[in-house]
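In: Provided below for reference: sequence and predicted model.
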Amino acid sequence: MTRKVSPLPLYRWMLSVLALALALCTAPQMLRAQEAGPDTEAAKSFISELADRTINVLSANTSESERQTQFSTLLEEGVNTDYVSRFVLGRNWNTATPEQRDEFRSLFKEFLLASLTERLSGEYNNQSFKVKNAVPAGSKDVLVRSEIQRTSGPPLQVEWRVRQFDGNWQIIDIAAEGLSLAITQREEYGSVVQRKGMDGLISALSEQVASIKAGNTEAPLPGAESSGS
């Protein structure tokens, strides 16, 4: 099954892949009861159908505010942001105060939503997306392997890590050419916490969100090693 997605340089492109994934998840599928691990075929079908829903979202004739409202709902349904926000903080989650955790979790969702809204406002570019196969990843997760056909260069290999939460599939990570988005963000956030503390990360993430909302989809995280500061 072949569908369409958009190309970008690797790390920033991965954020766009996540943006597309969120837009797709209007109706998470139920897993069939399994005794011997997660249902790889159901996971594969889930990701395949995401590509179809992406095209529908992108072609819908809606206002910017309506689209943002829709994306917010899709974010809640399609990605387990609570799980991902804890993962990307790593050990810093354990030392953060309850107030810091709540503020970070809220900002992280806002970051995903802002990236989703801005990137889907002009990056869809009729490239092909093909789901190849799916394999178990431990007792809970499934890695769904897919391929992006780019206008130049070899195809881009992308893996989607999905897990069952309360009977529904949800995305918890994306890896492009072996590079995990969640792990990359955890390293980036960790470098800021090391330099500026948890409050410094919250401030930096708030600034990044504001920049993305202003139209700078490539806005770096202030204070992170990768931002050059």
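Out: Sure thing, it's come through.

In: mind listing what's buried in stretch 209-217?
Out: 209, 211, 212, 217 (16 or more other Cβ atoms under 10 Å). C-beta here means a position set from N, CA and C on the backbone, and glycine is covered the same way.

In: Also stretch 143-157?
Out: Quick answer for stretch 143-157 (16+ other Cβ under 10 Å): 143, 144, 145, 146, 147, 148, 149, 150, 156.

In: measure that stretch end to end?
Out: 12 Å (Cα to Cα, to the nearest Å).

In: so how far is it off the chain centroid?
Out: Offset of stretch 143-157 from its chain centre (Cα atoms, centre = their mean, to the nearest Å): 17 Å.

In: Residues contacting that stretch, please?
Out: 5, 7, 13, 43-44, 46-47, 127-137, 158-162, 176-178 (Cβ atoms under 8 Å, 6 or more residues apart in numbering).

In: what about it, average pLDDT?
Out: Averaged over stretch 143-157, pLDDT sits at 83.

In: swap in stretch 171-181?
Out: On average, stretch 171-181 scores 88.

In: Can you list the buried residues in it?
Out: Within stretch 171-181, judged by 16+ other Cβ under 10 Å, the buried ones are 171, 172, 173, 174, 175, 176, 180, 181.

In: Now the terminal residues of that stretch, how far apart.
Out: From its first residue to its last, stretch 171-181 covers 12 Å (Cα to Cα).

In: on that earlier part again, what about the buried residues of stretch 171-181, which are in helices?
Out: The helices, defined by DSSP state H, take in residue 181 from those.

In: ok, the buried residues of stretch 171-181 vs residue 107, which is closest?
Out: Set against residue 107, the nearest of the buried residues of stretch 171-181 by Cβ to Cβ is residue 181 (17.1 Å).

In: that older thread, mind picking the two most distant members of the buried residues of stretch 171-181?
Out: By the measure Cβ to Cβ, 172 and 176 form the most distant pair in the buried residues of stretch 171-181, at 15.3 Å.

In: returning to what we had before: from the buried residues of stretch 209-217, which has minimum pLDDT?
Out: Lowest in pLDDT among the buried residues of stretch 209-217 is residue 217, which has 77.

In: Per-residue pLDDT of the residue lying closest to that one once chain neighbours are set aside, please?
Out: In this structure, residue 217 finds its nearest non-sequential neighbour in residue 118, 4.8 Å apart by Cβ to Cβ, 6 or more residues apart in numbering. In this model, residue 118 is scored at 70, pLDDT.

In: same question, the one 4 residues further on
Out: In this prediction, residue 122 carries a pLDDT score of 53.

In: Repeat that for residue 137.
Out: Taking residue 137 on its own, its pLDDT is 94.

In: what bridges to it?
Out: Assessed by DSSP bridges, residue 137 has beta-bridge partners residue 141.

In: and it, how many residues sit next to it?
Out: 18 (other Cβ atoms under 10 Å).

In: Residue 91 too?
Out: When neighbours are counted by other Cβ under 10 Å, residue 91 registers 10.

In: Tell me the predicted confidence for it.
Out: Looking at residue 91, its pLDDT reads 96.

In: How about residue 205?
Out: The predicted local confidence for residue 205 is 96.

In: Give the buried residues for whichever strand or helix holds it.
Out: Per DSSP states H and E, residue 205 falls inside helix 181-213. Residues 181-182, 184-186, 188-193, 196, 198, 201-206, 208-209, 211-212 are the ones in helix 181-213 that count as buried (16+ other Cβ under 10 Å).
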